[in-house]
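**Student:** quick one: sequence plus predicted model below, questions after.
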Amino acid sequence: MNTVTSKQNLKSFTDKNAARHDMQQIEMSIVSITQPFPSIARITGKIDTSQAESWALPNVALRLLFANSENNLPISRVYTVRAFDAEKSEIEIDLVKHADLSPAMQWLNTVQVGDNIKIIGPRPHFAPDFSLDKHVVMFADDTAIPALYSILQHWQKGISADLYIESFEENIIQQLPLSDQIRIHFLHKTDHHQTGWLFASALEIDDCTNKTIWAACERSEARALRELFLEEHKMDKNLVKISGYWKAGVSSSDLDKVRAKHYLQHTQQGKTLAEYDDLDMPNEIENDISKDSL
């Protein structure tokens with residue numbers, strides 16, 4: 001697939017995704033930039049929206065549109081809305097800081113209060129189904145802490161949970177809205193080479209009866225978690241909600257392109273976006289793009 005076709009597929013995937021979820025492209029005005037932890041920047045922005053109820057849902061995502069590429073297609077990144085203040089029409093997002101000069105980090109290094117940036121949203125992502133009245137087991141790395149925070153803000157009284165949190169920030173759980181029914185298992189990372197801790201924790205779970213699973217982390221680990229609970233524990237797929245937010249060694253731009261390629265194959269088989277789960281993407285496709293990124 002040539003570069004032009006790949007970018008056209010990416011635009012088609014993004015446009016159809018937006019239409020399906022009734023998302024809108026609007027401007028966000030930056031009102032605050034803070035650093036609650038050394039590795040995390042927190043951006044608060046004001047928006048003018050007619051969809052306040054949708055922005056207030058748990059685990060809502062948006063796309064930040066940083067720039068235009070050579071073919072006039074946006075360079076974008078997906079982030080979770082940590083919190084939404086309906087009275088002020090302000091959204092809060094966290095960016096995990098990296099040393100590389102990705103589009104997100106270039107923007108973060110130069111953005112100032114008063115600047116505007118275009119966003120696309122809101123897109124609701126999955127959250128635990130409290131109506132099932134099951135014990136919730138959640139796995140989250142640093143990139144998933146905002147989603148975790150948002151879900152905990154909407155936690156239903158009477159639902160118990162075990163939360164496995166992997167983070168470089170030792171005090172990050174202090175900002176989470178917890179209750180007595182939620183038990184924390186904190187995995188403190190000190191080196192980027194320390195991987196697989198969430199999956200290792202999942203291996204210690206023997207009985208999945210009356211449980212529902214939620215996870216968001218690196219894609220290889222997310223796929224391993226999904227395989228563990230679906231294939232080994234034989235859990236119902238509706239009880240296992242797992243997402244791969246990023247992939248080690250691959251830029252988000254390249255990952256978006258390979259998602260678009262896989263989505264094209266998906267639609268050519270007569271399937272719809274509603275049935276699409278990018279963790280169903282064969283390992284071979286992701287491995288190819290990993291090699292290209294080296």
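**Tutor:** Thanks, I have it.
**Student:** where does pLDDT dip in the stretch 101-250 of the chain?
**Tutor:** 249-250 (pLDDT under 70).
**Student:** what ranges does it have for its strands?
**Tutor:** For the stretch 101-250 of the chain, applying DSSP state E, counting those that start in this stretch gives strands covering 116-124, 135-140, 161-167, 182-188, 211-218, 240-246.
**Student:** sheet partners, orientation included, of the fourth one?
**Tutor:** Taking DSSP bridges as the criterion, strand 182-188 pairs within the sheet with strand 161-167 (parallel).
**Student:** kindly report the same for the second one.
**Tutor:** Strand pairing for strand 135-140, determined by DSSP bridges: strand 161-167 (parallel), strand 211-218 (parallel).
**Student:** tell me the centre residue of this structure?
**Tutor:** Geometric centre of the chain, nearest residue: residue 245, 4.6 Å, by Cα atoms, centre = their mean.
**Student:** domains in the chain, by residue range?
**Tutor:** With domains defined by automatic domain parsing, the chain comprises 21-124, 130-246.
**Student:** which of these sits closest to residue 270?
**Tutor:** Nearest to residue 270 among the domains of the chain is domain 130-246 (20.3 Å), distances taken as Cβ to Cβ. (Glycine included, C-beta is placed from N, CA and C.)
**Student:** and that closest one, how far out from the chain middle?
**Tutor:** Centroid displacement of domain 130-246 relative to its chain, using Cα atoms, centre = their mean, to the nearest Å, is 13 Å.
**Student:** now the terminal residues of that domain, how far apart.
**Tutor:** By Cα to Cα, to the nearest Å, the extent of domain 130-246 from end to end equals 27 Å.
**Student:** quick check: residue 36 vs residue 90, distance?
**Tutor:** 16 Å (Cβ to Cβ, to the nearest Å).
**Student:** ok, now residue 151?
**Tutor:** Distance, residue 151 to residue 90, using Cβ to Cβ: 19 Å.
**Student:** ok, now residue 107?
**Tutor:** 19 Å.
**Student:** ok, residue 28 next?
**Tutor:** As for residue 28, its distance to residue 90 is 9 Å (criterion: Cβ to Cβ).
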